[in-house]
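In: just the structure for this:
(one chain, ligands or ions: 2)
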Amino acid sequence: MKENYAVVVEDLWFKYVASKDYVLRGVNLKVKPGEFVVIMGPSGCGKSTLAYTLNGIIPHVFKGEFKGKVIVNGLNTLEHTVSELATHVGMVFQNPEAQIVTMTVIEELSFGPENLGLPRDEIERRIREVVKVARLEGKEYRPTVSLSGGEKQALAIASVLALRPSILVLDEVTSMLDPIGTELVSEMVVKLNKEYGLTIIAIDHRVEWAAEYADRIVIMDEGQILGEGKPEEVFSSPDLVRKIGFRAPQVSELAYELIDRGLSVKKIPISLSEAVETYSKLIDMIMKGEWRPLKNEK
Ligand SMILES: Nc1ncnc2c1ncn2[C@@H]1O[C@H](COP(=O)(O)OP(=O)(O)O)[C@@H](O)[C@H]1O
Ligand SMILES: [Mg+2]
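Out: Numbering: from 1, shown residues only. Ligands and ions are numbered 1, 2, ... in the order given. Here you go, the predicted model:
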């Protein structure tokens, strides 16, 4: 049976005109429709470059040596323009200021659909829909400069959504936001995946968030994918994440530490709710005197 993929990246190599060496070095990645994938890796390893290949910015806008294939919703990015691809893949970046091009919320949301040449009633229908998802209802006529960082980023996501892409690529979209903004945008992203069924590819360094919401975590380094798997697979051994200078979720790190001290932890917890379950059982055993350290305490 032929499987249907939202994204297929096949043996992808890319070198910018100005870069000495290849920045992407044989990347293979398949993402299923509706999947929530988080890409993690150290700064400069090629995450944003990979993102640019998913909507055709590479190689159509940022030129260079491009080898391999990128297929989104069945379309080879080499054979389609960036504006065609934008109705399939929405992309949002780190800095909300840099993405907002108009003066008011409503103008910003109309901009993309107007460029598509959609009729007025369709544009208005889409705006009503995305304003709701972004929690910007009642703020349609606000000047964009008056929005908070989180609201600006929610607006940037909403304007991309007005083009009705089925895939959303998010490149560190909360890294410049305060905690409230981060929460606003993160909740919106989770909702788009869980309720609206969008395929999410998020570049993000928040391990707790990834552990909680990702279907799959992809670990990148030096232009290659080093490993991938469900969060419980990726975080059940600390080696891979530590190799790229990350840590596992704190609740998992605690489990490694306890294992080191001779405690038997059968299932490494990766989320707070799993940790509560695992550790309350352990505490119970300790209280009942059923647990004895295997090694001497350090
Ligand atoms: N436009 C460009 N021209 C030349 N080199 C670039 C360009 N953009 C990024 N690079 C280089 O490509 C490498 C990967 O960058 P990037 O994809 O931005 O990594 P990440 O997003 O993981 O931090 C870096 O060494 C960076 O300096
Ligand atoms: Mg980047």
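
In: tell me how many other residues crowd residue 30.
Out: Using other CB atoms under 10 Å, residue 30 has 14 neighbouring residues. Yep, even glycine has a C-beta here, placed from its N, CA and C like the rest.

In: mind listing the strands for the stretch 1-150 of the chain?
Out: Along the stretch 1-150 of the chain, counting by DSSP state E, counting those that start in this stretch, strands occupy 7-16, 24-31, 36-40, 64-72, 75-76, 89-92.

In: and the residue of the chain that's closest to ligand 2?
Out: residue 48 (3.2 Å; CB to the ion).

In: any regions of the stretch 151-298 of the chain where pLDDT drops low?
Out: 292-298 (pLDDT under 70).

In: the strands in it, which residues?
Out: 167-171, 199-203, 216-221, 224-229.

In: including mean neighbour count and distance to ligand 2, could these go into TSV?
Out: Formatted as TSV, those follow (neighbours: other CB atoms under 10 Å; distance: least, CB to the ion, whole Å):
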stretch	mean neighbour count	distance to ligand 2
strand 167-171	24	6
strand 199-203	24	6
strand 216-221	22	11
strand 224-229	17	16
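
In: out of the ones you listed, which gets nearest to residue 271?
Out: Proximity to residue 271, assessed across the strands of the stretch 151-298 of the chain by CB to CB, is greatest for strand 216-221 (13.3 Å).

In: and that closest one, how far out from the chain middle?
Out: 11 Å (CA atoms, centre = their mean, to the nearest Å).

In: against which helices or strands is it packed?
Out: Identification of packing neighbours for strand 216-221 by 3 or more CB pairs under 8 Å, 6 or more residues apart in numbering; DSSP states H and E yields strand 36-40, strand 224-229, helix 231-234, helix 238-243.

In: please redo it, this time with the cut-off set to 6 Å
Out: Helices and strands touching strand 216-221, as assessed by 3 or more CB pairs under 6 Å, 6 or more residues apart in numbering; DSSP states H and E, comprise strand 36-40, strand 224-229.
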